[in-house]
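# show me the folded form of this:
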Amino acid sequence: MSDPFFQPPSGTDLPRYAGVPSFMRLPYLAAEDPRRGEVDIGVFGLPWDGATSNRPGARHGPRALRDASTMLRERNRATGQMPFQTANIADLGDVAMSPVDQDEALDNAQAFVKGMLAQDIRPFMVGGDHLCTLTVLRELRAARGEAFGLVLLDSHTDLYPPYFGGKTLTHGNPFRQAIEEGCIDPERCVMAGMRGTSYNTSDFDYGHEKGVRIIPIEECMERGWSEVMQICRDVVGEGPTYVSFDIDFVDPAYAPGTGTPEVGGPTSFEAISCVRALRGLDVIGADLVEVSPPFDNGGITAWLGASVMFELICAMQPD
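The predicted structure follows:
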């Protein structure tokens, strides 16, 4: 049983449109707060999209997701879970990330994650663009001393080499870089939902060469999502695993507010079902990225993103 301090207020006690809009209206704990040492899962924002290659706006994602998450209730009706009663979960705030200096921005994010891990807090990062994920992977690798598995739900592999002929990383490169740096074990790495047009096949070629299991959307639809998620579970096995959810995994009919939408993806229900299927894995950290409010319609992408966040937190809980 978790500490009552970490329980979000019920909408029957405080209207859900009232109060401070922290993630899911959980307690906000600043860096110097002594109660951070009691946190099991820390939700934090990386409001940065300096690695976006085309349509920016994901820097505003964490704030929009905080606002949308005030709609959430404490109980998962489908699974029966009440995650805030089984773990101490808190909002640890946003990292100050320079919008004009990539090195400084990523260094600040890594320092923040390093501090969390030193307190045995499992990270739940909310982006921001997908390069933000690399900062968490790097610090998890440093803290654990070994590579770990990855489940990526996305419409892109993010395995491309750096763009524009240079060495600067973008949101199309984080997992290639993570493999090169030894953060994730490519043979325990599975990516599902890939679709859309492409510049070339270099991302798939690199993944196949390294042993990454890539499940493009055509295979997902042919097999069905239940079988796809069983493949994901089989690939990562019982070892430590990171879960990364890019909102563009979902069809833009349900999640238009993202920088690089790709048509022909799963529905919102199918996406949530995929996350639920991860329950029981050894999830050492997770993220939800690429919500871009400037492209959203009526906040529906942020609302779906907040709902996926809740399902991910449930999946991070023991059976």
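# got any ranges where the stretch 101-250 of the chain has weak pLDDT?
Screening the stretch 101-250 of the chain residue by residue with the criterion pLDDT under 70, one finds no matching range.
# now do stretch 264-284: distance from first to last residue.
This stretch, stretch 264-284, spans 30 Å end to end (CA to CA, to the nearest Å).
# quick check: mean pLDDT across it?
In this model, stretch 264-284 carries a mean pLDDT of 98.
# same question for stretch 4-16.
Stretch 4-16 shows a mean pLDDT of 89.
# quick one: distance of it to the chain centre.
On the basis of CA atoms, centre = their mean, to the nearest Å, stretch 4-16 is displaced by 25 Å from the centre of the chain it belongs to.
# what does stretch 168-186 give?
With CA atoms, centre = their mean as the basis, the mean position of stretch 168-186 lies at 15 Å from the chain mean.
# now that stretch - C-alpha only, PDB.
This file holds the C-alpha atoms of stretch 168-186, laid out as PDB (Å, rounded to 0.1, in the frame of the first residue of the first chain):
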ATOM      1  CA  THR A 168      24.000  16.400 -35.000                       C
ATOM      2  CA  LEU A 169      21.300  14.000 -33.700                       C
ATOM      3  CA  THR A 170      17.600  14.400 -34.500                       C
ATOM      4  CA  HIS A 171      14.500  12.600 -33.400                       C
ATOM      5  CA  GLY A 172      15.100  10.200 -36.200                       C
ATOM      6  CA  ASN A 173      18.200   8.800 -34.600                       C
ATOM      7  CA  PRO A 174      17.800   8.000 -30.900                       C
ATOM      8  CA  PHE A 175      17.700   4.200 -31.100                       C
ATOM      9  CA  ARG A 176      20.500   3.900 -33.600                       C
ATOM     10  CA  GLN A 177      22.600   6.000 -31.200                       C
ATOM     11  CA  ALA A 178      21.400   4.000 -28.200                       C
ATOM     12  CA  ILE A 179      22.500   0.800 -29.900                       C
ATOM     13  CA  GLU A 180      25.900   2.300 -30.800                       C
ATOM     14  CA  GLU A 181      26.400   3.500 -27.300                       C
ATOM     15  CA  GLY A 182      25.500   0.100 -25.800                       C
ATOM     16  CA  CYS A 183      22.400   1.300 -24.000                       C
ATOM     17  CA  ILE A 184      20.000  -1.200 -25.500                       C
ATOM     18  CA  ASP A 185      20.600  -4.800 -26.500                       C
ATOM     19  CA  PRO A 186      19.500  -4.900 -30.200                       C
END
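# residue 197 versus the residue nearest in space to the middle of the chain, what's the distance?
Nearest to the centroid of the C-alpha atoms of the chain, with distances taken as CA atoms, centre = their mean, sits residue 287, at 1.8 Å. Between residue 287 and residue 197 the distance, using CB to CB, to the nearest Å, works out to 25 Å. Where C-beta positions appear, they are placed from N, C-alpha and C, glycine not excepted.
# what about the helices in the protein?
The residue ranges that make up the helices of the chain, judged by DSSP state H, are 61-69, 83-86, 102-118, 132-144, 174-180, 202-210, 217-223, 225-236, 268-276, 300-315.
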